[in-house]
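J.: here is the input, now give the coordinates:
(chains A and B)
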There are 2 protein chains.
Amino acid sequence: MSPQTPLQRSTIKEESQLVDFSSIIWYGANIDLLSSHLKERLTQLLKSYPEPNAATLRKMIASRQELTEEEVVVTNGPTAAFHLILRAFPKSRVLFPKPSLKALQHACELYDCPVSYLDYDQRVDDWNLEGVDICFLTTPNPPDGHILSHADMVRLFKKYPEVTFVVNQSYASFTTTNKLKPSHIKIYPNVMTIWSFSQPYGIPGLRIGYITATKVLAQALWRVYTPSVVTSEALEAAKYILIHPAQFTLPVRKWLRSAQELMTALRELDFFEVLPSDTTFFLLRVKKGCIESLCSYLHEKYGILVGRADLFVGVEKDCISITARSEEENKQLVEALRNWQSYIEEK
Amino acid sequence: MSPQTPLQRSTIKEESQLVDFSSIIWYGANIDLLSSHLKERLTQLLKSYPEPNAATLRKMIASRQELTEEEVVVTNGPTAAFHLILRAFPKSRVLFPKPSLKALQHACELYDCPVSYLDYDQRVDDWNLEGVDICFLTTPNPPDGHILSHADMVRLFKKYPEVTFVVNQSYASFTTTNKLKPSHIKIYPNVMTIWSFSQPYGIPGLRIGYITATKVLAQALWRVYTPSVVTSEALEAAKYILIHPAQFTLPVRKWLRSAQELMTALRELDFFEVLPSDTTFFLLRVKKGCIESLCSYLHEKYGILVGRADLFVGVEKDCISITARSEEENKQLVEALRNWQSYIEEK
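T.: Predicted coordinates for the structure are as follows:
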């Protein structure tokens, strides 16, 4: 579920030296203690089969969220969750607002689901969901950062009780408002929620996340579930995170502030247009010059990665996606973009 | 793909203290150097998205096996491979010989594939595959250890060119004879092969394996592939294994010898019957007493795990599965079973 650029798919050693504004991930996660914990147990984790259906982890999530074990389904992350849900309900008539992840569109094609689209700019009261089976929502939404208000979501859930709403909450930690909880499925039985460990905890290498759904909906997911796909180590990491929440607190207010500061600084550059966002990631329109050469320039001259539009549906080709990082790194980005302006002006 | 008993699904700490005859895995794998390598890179592996389609690893496998990258599909192990193949070809008429893994039967049900069965005891020349779309073969076959001769397989491939043969080679290292190679798909285009890193290298916690198939068949798999399900660490481990084959040599002759010695010793016990096997795992019929109480006895008194019949299709309920281990541990098992005999004789 990462807006990775092809550039980013280089070797790990190279990646570690880059400043990555392309992954919509909490960049500041300190995973040293988690990493130590896993190192201590690594040999045993490699040697041991994982629990086929992640029973222990599901029990832990369920007890924290006041759900039952049956209402929690552990997957290899959000993309795998999309596939699992659509595999359980193939040929569903799907609707989702644009922009969205291409991975979701691909999953719909795979399971023969006709897709219709909406625009997040359209007022939710005007959305027409007649004849829709499944509506996918992501809030905050990558890569534009659109946030659906809690009230709007609830209005939709109630207005269309026959529609199943799949709310991807992978980026829920990247805002202070309007969150759903995993347990909202108890109030709104036509809702499933998707959660990721990658985004808020900075561990996309581990491939683990989960879905919450009522027992009836979850049973449909269990029927098509491939067992033993989540590794022993990913299960152990997720348990560790649940047991040590204080180590993984995301300073969201500070991050949001630095994102707003970055947007303000970028607005001063003539060749770029910042598209408005209330969260820590946003789209930047490149008004002059070629996106390809901009990306190469940033990569080669500054070791900076930015997100490319082609991993999304409904993003104009002249946009790049940016996830704010530390103040220092944000300044580097602004400086690099300013220098690119001069560079193409001179050409 | 493990014949795990419910007992085995306990915590990792407990598991590490048990002597496990239930997992059909090379028990003696020394993964110290692999483990050190992964520990060194762990933090970076956790932080980095895996390649969505495992391109680098596929290139490495392809170059070693004289295949092309397109002919190699990396999955979360053999069960995930079964699911992927049947997802690509739903409603196929499937045939497989018994005994077999229940996971395969479950995958067939999931993708609406009507299944017919054969018996490995039946001569291959008498097998009737008319009207079959996909035939699954595993050799050596869990849990009875049956080995199909190379000549028999080739006769089948040639006699039924319209049938797709999926040959699960997860246990191929557990025999010295009759192996297929990943590249046999070039000679027999109606064959796919499945390979596991868990069984021969002793790392079932990592969930990684691969399929080889002709470009035409592989394209059907890629169409239904869920990207990014294999972790960064599993990809790194697989690459390490390919680069350092000498660290992972399995002393198969020695292991086969010790398995035969174990079978010989068990044949002297009155309450048990060893079913013949030419590989390192076999079925043991329990002629007297209750399987449940035998398993509890072995677990509680000796910390020994054995495989239960209920993870397989076509295995009599009075059988347990055993994978031979070191001479010392094999002696412990014989001793424990002898003591159980005395224990129930006294009751």
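
J.: by mean pLDDT, flag the weakest helix or strand of chain A.
T.: Sorting the helices and strands of chain A by mean pLDDT, DSSP states H and E puts helix A:12-16 at the bottom, at a mean of 52.

J.: next SSE downstream of it?
T.: strand A:19-20 (DSSP states H and E).

J.: kindly state the pLDDT recorded for A:D121?
T.: For A:D121, the pLDDT comes out at 84.

J.: what do you get for the one 10 residues further on?
T.: The predicted local confidence for A:G131 comes out at a pLDDT of 97.

J.: and it, what element?
T.: Applying DSSP H and E, one finds A:G131 in no helix or strand.

J.: what's the local residue count around it?
T.: 11 (other C-beta atoms under 10 Å in any protein chain shown). Where you see a C-beta, it was placed from the backbone N, CA and C, and this is true even at glycine.

J.: report the contact partners of the spatially closest residue to it that is not a sequence neighbour.
T.: Distances taken as C-beta to C-beta, 6 or more residues apart in numbering or on different chains put A:R93 closest to A:G131, at 6.0 Å, once the chain neighbours are dropped. Applying C-beta atoms under 8 Å, 6 or more residues apart in numbering or on different chains, we find A:R93 in contact with A:113-114, A:116, A:131-134.

J.: which of these are buried?
T.: A:113, A:132-134 (16 or more other C-beta atoms under 10 Å in any protein chain shown).

J.: doesn't A:G289 lie inside a strand?
T.: No: using DSSP: H, G, I helix; E, B strand; the rest coil, the secondary structure at A:G289 is coil, not a strand.

J.: now do the contacts for it.
T.: Here A:G289 is in contact with A:271, A:340, A:344 (criterion: C-beta under 8 Å, 6+ apart).

J.: filter these down to the buried ones, ChimeraX style.
T.: Selecting only the buried entries of these in ChimeraX, with 16+ other C-beta under 10 Å as the criterion:
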select /A:271,340
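
J.: now, which of the contacts of A:G289 lie within helices?
T.: In helices, defined here by DSSP state H, the members of the contacts of A:G289 are A:340, A:344.

J.: show me where pLDDT drops low in chain A?
T.: Low-confidence segments of chain A, defined by pLDDT under 70: A:1-16.

J.: can you list the domains in it?
T.: A:6-29+A:250-346, A:32-247 (automatic domain parsing).

J.: what's the closest of those to B:I291?
T.: Among these, the nearest to B:I291 by C-beta to C-beta is domain A:32-247 (21.3 Å).

J.: what's the closest of the contacts of A:G289 to chain B?
T.: A:W340 (25.9 Å; C-beta to the nearest C-beta).

J.: secondary structure class for A:L294?
T.: Applying three-state DSSP: A:L294 is helix.

J.: these two touch, right, it and A:V286?
T.: Yes: the criterion here is C-beta atoms under 8 Å, and A:L294 meets it with A:V286 at 6.0 Å.

J.: hey, what's in contact with both of those two?
T.: Joint contacts of A:L294 and A:V286 (C-beta under 8 Å, 6+ apart) are A:I320.

J.: other residues contacting stretch A:149-159?
T.: Under C-beta under 8 Å, 6+ apart, the answer for stretch A:149-159 is A:124-125, A:127, A:129, A:135, A:137, A:139, A:163, A:165, A:167, A:177-180, A:188, A:190-191.

J.: enumerate the residues of the stretch 151-300 of chain A near chain B.
T.: Counting by C-beta under 8 Å from any C-beta of the partner chain, the stretch 151-300 of chain A comes close to chain B at A:198, A:202-207, A:223-224, A:226-234, A:236-237.

J.: buried subset of those?
T.: A:198, A:202-207, A:224, A:226-234, A:236-237.

J.: touching, A:P50 and A:V230? I think so.
T.: Yes: using C-beta under 8 Å, A:P50 is in contact with A:V230, at 6.0 Å.

J.: okay, and the common contacts of the two?
T.: B:R207.

J.: now do the contacts for the residue nearest the centre of chain A.
T.: Closest residue to the average C-alpha location of chain A: A:S170 at 4.5 Å, with C-alpha atoms, centre = their mean. Listed by C-beta under 8 Å, 6+ apart, the contact partners of A:S170 are A:1, A:78, A:138, A:194-196, A:198-200, A:209.

J.: repeat the analysis, applying 7 Å as the threshold.
T.: A:S170 sits next to A:1, A:78, A:194-196, A:199 when contact means C-beta atoms under 7 Å, 6 or more residues apart in numbering or on different chains.

J.: what are the phi and psi values for A:Q260?
T.: phi -60, psi -40 (degrees, to the nearest 10).

J.: picking up where we left off before, which of the residues of the stretch 151-300 of chain A next to chain B fall in strands?
T.: Using DSSP state E, no member of those falls in strands.

J.: hmm, back to that, now the contacts of A:S170: which count as buried?
T.: Judged by 16+ other C-beta under 10 Å, buried ones among these: A:1, A:78, A:194-196, A:199.

J.: among those residues, name the ones in strands.
T.: A:194-196.

J.: now A:V252. Nearest residue, chain neighbours left out?
T.: A:V252's closest residue in space is A:T176 (C-beta to C-beta, 6+ apart), at 5.7 Å.

J.: quick one: that neighbour is in a helix?
T.: No: under three-state DSSP, A:T176 sits outside any helix and is assigned coil.

J.: number of nearby residues for it?
T.: 11.

J.: gap between it and chain B?
T.: From A:T176 over to chain B the distance is 25 Å, taken as C-beta to the nearest C-beta, to the nearest Å.

J.: A:G77 too?
T.: From A:G77 to chain B the distance is 7 Å (C-beta to the nearest C-beta).

J.: so what's A:V167 up against?
T.: A:137, A:139, A:180, A:191, A:193.

J.: do that again at 10 Å, thanks
T.: Applying C-beta atoms under 10 Å, 6 or more residues apart in numbering or on different chains to A:V167 gives the contacts A:135-139, A:148, A:153, A:156-157, A:179-180, A:184-185, A:188, A:191-195, A:212.

J.: backbone dihedrals for it, both of them.
T.: Dihedral angles for A:V167 - degrees, to the nearest 10 - are phi -100, psi 110.

J.: please apply the same query to A:L137.
T.: Dihedral angles for A:L137 - degrees, to the nearest 10 - are phi -130, psi 140.

J.: that one against A:L129, yeah?
T.: No: contact criterion C-beta atoms under 10 Å: A:L137 and A:L129 do not qualify, at 11.2 Å.

J.: got the angle for the host helix or strand of A:K239 vs helix B:232-243?
T.: Using DSSP H and E, A:K239 sits in helix A:232-243. Interaxial angle of helix A:232-243 relative to helix B:232-243 (axes from the mean of the first three to the mean of the last three C-alpha atoms, to 10 degrees): 150 degrees.

J.: follow-up on the earlier one: out of the contacts of A:R93, who's nearest chain B?
T.: Of the contacts of A:R93, the one sitting nearest to chain B (C-beta to the nearest C-beta) turns out to be A:C113, at 13.6 Å.

J.: confirm the closest one sits in a strand?
T.: No: counting by three-state DSSP, A:C113 is located in no strand; its state is coil.

J.: and the two most separated of the buried ones among the contacts of A:R93?
T.: A:C113 and A:V132 (10.6 Å).

J.: nothing else from me, thank you.
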